[in-house]
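*Asks:* Here is the input, now give the coordinates:
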Amino acid sequence: MRRTSFLIFCSREHTTNMAKLPRDFMKEMYECLQEEADDFFASYDQPRTSGIRANGLKLASARLLELTGAARVPIPWADGGFYTDEEERPGKHPYYHLGLYYIQEPSAMLPAELLDVRPGHRVLDLCAAPGGKTTQIAAKLQGEGVLVTNDNAADRVKALVKNVELSGVRNAVVLNEEPSRIAEIFGNWFDRVLVDAPCSGEGMFRKDEEMARQWERRSAGEYVRMQRDILAQAARMVVPGGQLVYSTCTFSPRENEGVVAGFLAAHEDFSVVSPGSGYEFGLSPGRPDWLTEDERAGLTDARRDSLAGAVRVWPHRSRGEGHFAIVLARSGKVETDGDRIDVGEQAYDRTASGSNPKRHRAGQRDNEHELEALRKFEAFRADILPEWQPPGKLAMRGDTVYAQPFPLPDLGDLRTVRLGWQLGIAGKHRFEPSQALAMGLKPDDAQRQRTLYIDSAYADCLRYLKGETLQPDPGSLTGKGWTLVCIDGFPAGWGRWDGMTLKNERLPGWRWM
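*Replies:* Numbering: from 1, shown residues only. Just a heads-up that it's a prediction; the model follows:
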């Protein structure tokens, strides 16, 4: 099969990134790093680091390298992660629009690796937008277990939804809530919780000069107060024996070791878990010696010294922009599946429409409108996807049908952006499958005669991704109606075939502009 060269699509342009560093930031870094400070600041004259991460829900990293034909340097701390050149443009390739990889700063891949997620876990990504760590976690779950991903900013959660759907995540619920509200509903329910906290962003100064300007407008104290509150709420949601990872993209000791020291002083049931065998790849330990006297208060020497079990990424020591991460384990017996509280399996949930929908209990099938919507979905499934069954349980909000991961507590009036995997909308005359459904399917889930295969080397690839109507060989499709479109064997979206032309059903927000 012919394929378009990765480098043809990824046009190159040279950029420079000389950060204008705030004076107070430079002073603090000189005080912290001392003899290393000159090397640290010299790194700002070097090209910024960038990377891509293979989407393990769709393909293995070796397969990605085979498809792109690129020889890449692996990111040593990230499964499936690879460095890219600064001038490279991986967002300008069809494979990006198929969700085969995620563009992510290399050091930002570290926290999800430290979280030790395994298939079947219940996981919460508390400060998730734009979704890089969420999609990384989803690949580790491999469709098993439950992923709740949240961001409290309504504008940022839109990007989170798009990346979840582009990556083909099938077992995620997306929330737009405050941590305290989520803790009220879930309690200590999650095996793993990730807090990639809002921070002063010092690790991003080389990548984004705007971060340096924002740093001068906001004090570290503002972030510290926010981080302490978020971390305390996150702790409420970790099961006994579970783990929490706290991370930031800043170098500030106050926002890192200082925040965690205060947390440990207030939470005797949590302790630091060291990554174990040394700090390879230029990664550095935490620095308990940077704590102030106030931050040391309430800690034993052993608890204080355990902060060395954190992991720091410094740009002068490794190929990453800058990050801090620490694993915190909650004491207690690790639950097995048999120990878990049974929340009650629900074959069907009905959710009233609205910004704060109220969930109804399982088994209420008295609403004829919603039952008709489910019948339309089942007719579509039997016609296009006869061997496929949606995972979890079906849930509805208005006319929209979701596959919701199981088990899941009643979400009450939480601001729920996605109840689960959005399957589509039951319209007046027919069920209309969603783009999210296409992105989460396997190519062989659809009937062969209802699937159009396109090679990325041909013009129809870009035409389809841009939303244009196609005129494929009439012999390639035999059944009229909804058709799954695949590029190089990976689902790209839907079209409707009338025997002569394929009407493009890729929504405007998904089109390659």
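*Asks:* who's in contact with residue 484?
*Replies:* The contact partners of residue 484, by Cβ atoms under 8 Å, 6 or more residues apart in numbering, come to 384, 438, 441, 443, 445-446, 450-452, 491, 494. C-beta here means a position set from N, CA and C on the backbone, and glycine is covered the same way.
*Asks:* Just the ones of the residues you listed in helices?
*Replies:* Mapping the contacts of residue 484 onto helices (DSSP state H) picks out 384, 438.
*Asks:* So which of the contacts of residue 484 is the closest to residue 63?
*Replies:* Within the contacts of residue 484, the smallest distance to residue 63 is 13.6 Å, found for residue 443 (Cβ to Cβ).
*Asks:* Provide the secondary structure category for the nearest residue to the closest one once chain neighbours are set aside.
*Replies:* Among residues not flanking residue 443 along the chain, residue 486 sits closest, at 5.0 Å (Cβ to Cβ, 6 or more residues apart in numbering). Using DSSP: H, G, I helix; E, B strand; the rest coil, the structure places residue 486 in strand.
*Asks:* Kindly check the end-to-end length of stretch 38-58 for me.
*Replies:* 43 Å (Cα to Cα, to the nearest Å).
*Asks:* Might you list the low-confidence residue ranges for the stretch 301-450 of the chain?
*Replies:* 335-366 (pLDDT under 70).
*Asks:* all strands in it, in order from the N-terminus.
*Replies:* 311-313, 323-330, 348-351, 393-397, 400-404, 416-418, 421-426, 431-433 (DSSP state E, counting those that start in this stretch).
*Asks:* With mean neighbour count and distance to residue 146 added, can I get those strands in TSV?
*Replies:* Converted to TSV, the strands of the stretch 301-450 of the chain look like this (neighbours: other Cβ atoms under 10 Å; distance: least, Cβ to Cβ, whole Å):
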stretch	mean neighbour count	distance to residue 146
strand 311-313	25	27
strand 323-330	25	18
strand 348-351	20	14
strand 393-397	22	12
strand 400-404	24	9
strand 416-418	22	13
strand 421-426	23	12
strand 431-433	21	24
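*Asks:* Save these as TSV, and put in distance to residue 230 too.
*Replies:* Shown next, in TSV, are these (distance: least, Cβ to Cβ, whole Å):
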stretch	distance to residue 230
strand 311-313	20
strand 323-330	13
strand 348-351	28
strand 393-397	28
strand 400-404	26
strand 416-418	19
strand 421-426	27
strand 431-433	37
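*Asks:* Residue 195 versus the closest residue in space to residue 417 that isn't next to it in sequence, what's the distance?
*Replies:* Spatial nearest neighbour of residue 417, excluding adjacent residues (Cβ to Cβ, 6+ apart): residue 174 at 4.4 Å. Distance, residue 174 to residue 195, using Cβ to Cβ, to the nearest Å: 17 Å.
*Asks:* Of these two, which one has the most company?
*Replies:* residue 174 (27 against 23; other Cβ atoms under 10 Å).
*Asks:* pLDDT value on that one, please?
*Replies:* On pLDDT, residue 174 comes in at 98.
*Asks:* so who does it touch?
*Replies:* So residue 174 contacts 149-150, 157, 160-161, 164, 416-418 (Cβ under 8 Å, 6+ apart).
*Asks:* How many residues are close by residue 471?
*Replies:* Neighbours of residue 471 (other Cβ under 10 Å): 10.
*Asks:* can you offset everything so residue one is 20?
*Replies:* Okay, residue one is now 20; in that scheme the one you just asked about reads as residue 490.
*Asks:* wait, it sits on residue 520?
*Replies:* Yes: applying Cβ atoms under 8 Å, one finds residue 490 in contact with residue 520, separated by 5.4 Å.
*Asks:* And residue 271, what's its pLDDT?
*Replies:* Reading off the model, residue 271 has pLDDT 95.
*Asks:* domains of the protein?
*Replies:* 25-349, 367-458, 461-529 (automatic domain parsing).
*Asks:* Tell me the buried residues in the helix or strand encompassing residue 481?
*Replies:* In this assignment (DSSP states H and E), residue 481 forms part of helix 478-484. Going by neighbour count (16 or more other Cβ atoms under 10 Å), the buried part of helix 478-484 is 479-484.
*Asks:* quick one: stretch 197-206 to chain centroid distance?
*Replies:* 20 Å (Cα atoms, centre = their mean, to the nearest Å).
*Asks:* can you check stretch 394-401 too?
*Replies:* 30 Å.
*Asks:* Put the alpha carbons of it into CSV.
*Replies:* Extracted in CSV, the C-alpha atoms of stretch 394-401 (Å, rounded to 0.1, in the frame of the first residue of the first chain):
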residue,chain,number,x,y,z
ARG,A,394,-34.8,1.4,18.8
LYS,A,395,-33.3,3.6,16.1
PHE,A,396,-29.9,3.1,17.5
GLU,A,397,-30.4,-0.7,17.5
ALA,A,398,-31.6,-0.6,13.9
PHE,A,399,-28.4,1.3,12.9
ARG,A,400,-26.2,-1.1,14.8
ALA,A,401,-27.8,-4.1,13.3
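*Asks:* got the contact list for it?
*Replies:* By Cβ under 8 Å, 6+ apart, stretch 394-401 touches 407, 409, 413, 420, 442-443, 445-446, 449-450, 452, 501.
*Asks:* rewinding a little: tabulate the buried residues of helix 478-484 (CSV), appending pLDDT and distance to residue 235.
*Replies:* Below are the buried residues of helix 478-484 laid out as CSV (pLDDT from 0 to 100; distance: Cβ to Cβ, whole Å):
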residue, pLDDT, distance to residue 235
479, 96, 50
480, 97, 46
481, 97, 43
482, 97, 47
483, 98, 46
484, 98, 41
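*Asks:* Nearest to residue 309 among those?
*Replies:* Using Cβ to Cβ, the buried residues of helix 478-484 come closest to residue 309 at residue 484, 49.0 Å.
*Asks:* surely that closest one meets residue 116?
*Replies:* Yes: using Cβ under 8 Å, residue 484 is in contact with residue 116, at 5.4 Å.
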